[in-house]
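[1] Here is a sequence together with a model predicted from it:
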Amino acid sequence: MATATKKTKKGEATERSTGNGRRFRGTVVSAKMQDTATVAVERYVQHPKYKKFIRRTKKYLVHNPGNTVKEGEMVTIKEVKPISKRKHFAIAENNG
């Protein structure tokens, strides 16, 4: 991740992150909570011994301001600073 220095009023240099964070594409599986949606992200991984490709799914709690997405829609999510204990992603764009 890229870092940059920033001067404060007193002249000290502070480190801050300028990276964009992780971005995933997934399907909304639940949008019943207020300002929160559950997004299932699927990825293909190769089994280390048998070399067969396996589908792995992980669910993320995503910030959904205004409850804009519905179940079954494809969305892109991006990593943001923690919003709550389990919610550290936000919806970047709605892909339909």
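    Yep, it's here.
[2] Just name the shakiest helix or strand of the protein by mean pLDDT.
    None of the helices or strands of the chain scores lower by mean pLDDT, DSSP states H and E than strand 13-17, at a mean of 48.
[3] could you point out which element follows that one?
    strand 23-33 (DSSP states H and E).
[4] Direction included, what does whichever helix or strand comes after that following strand pair against?
    Later in the chain than strand 23-33, the nearest helix or strand by DSSP H and E is strand 36-46. Using DSSP bridges, strand 36-46 pairs in its sheet with strand 23-33 (antiparallel), strand 53-63 (antiparallel).
[5] hmm, who's touching the first one?
    Spelled out, that is strand 23-33. Outside strand 23-33, the residues that touch it by CB atoms under 8 Å, 6 or more residues apart in numbering are 37-42, 59-60, 64, 67, 69-79, 89, 92, 95. In short, each C-beta sits where N, CA and C put it, glycine included.
[6] Report the buried members of the residues you listed.
    Using 16 or more other CB atoms under 10 Å as the burial test, the contacts of strand 23-33 include 37-39, 41, 60, 64, 69, 73, 75, 77, 79, 89, 92 as buried.
[7] I'd like to know how many residues surround residue 28.
    The number of residues packed near residue 28 is 21, by other CB atoms under 10 Å.
[8] ok, it to residue 54 distance?
    23 Å (CB to CB, to the nearest Å).
[9] what do you get for residue 70?
    Distance from residue 70 to residue 54, by CB to CB: 29 Å.
[10] which of the strands paired with strand 36-46 sits most buried?
    Ranked by mean neighbour count, those are led by strand 23-33 with a mean of 16 (mean count of other CB atoms under 10 Å).
[11] Only alpha carbons, please: show it as CSV.
    The C-alpha trace of strand 23-33 is given here as CSV (Å, rounded to 0.1, in the frame of the first residue of the first chain):
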residue,chain,number,x,y,z
ARG,A,23,-12.5,-4.1,-4.1
PHE,A,24,-14.7,-7.1,-4.7
ARG,A,25,-17.7,-8.0,-6.9
GLY,A,26,-20.5,-9.9,-5.3
THR,A,27,-24.2,-10.6,-5.1
VAL,A,28,-26.5,-9.0,-2.5
VAL,A,29,-28.0,-11.8,-0.5
SER,A,30,-29.8,-9.8,2.2
ALA,A,31,-30.9,-6.1,2.4
LYS,A,32,-33.2,-6.3,5.4
MET,A,33,-31.1,-4.3,7.8
